[in-house]
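>>> Fold the following, please.
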Amino acid sequence: MFRRIRVTGSHMPQRVCHKKSEWRAMRERAREFLNQKERSTRDSEG
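Alright, predicted model coming up:
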């Protein structure tokens with residue numbers, strides 16, 4: 001499965017090939033990171 005992602009330090013997206021399971025794992029890690037960040041922000045406000 002191909003997707004285009006923007007590489008750090010570059011304005012030109014690059015074509016990247018990963019398996020569907022790899023894309024799914026990356027989405028899940030990103031979701032967990034954002035949830036953790038949201039929780040820590042909420043904890044520091046209260």
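
>>> the strands in this protein, which residues?
Taking DSSP state E, the strands of the chain run over residues 2-6, 13-17.

>>> Summarise which helices and strands the last one is packed against.
Contacting strand 13-17 under the criterion 3 or more Cβ pairs under 8 Å, 6 or more residues apart in numbering; DSSP states H and E are the following elements: strand 2-6. In this view, the C-beta of every residue, glycine as well, is placed from N, C-alpha and C.

>>> Could you do the first one as well?
The criterion is 3+ Cβ pairs under 8 Å, 6+ apart, and the helices and strands that strand 2-6 contacts are strand 13-17.

>>> and the residue nearest to the spatial centre of the chain, what pLDDT?
For the chain, the residue nearest the mean C-alpha position is A30 (4.1 Å; Cα atoms, centre = their mean). Looking at A30, its pLDDT is 94.

>>> picking that back up, so which of the strands of the chain gets nearest R42?
Closest to R42 of those, according to Cβ to Cβ: strand 2-6, at 29.7 Å.
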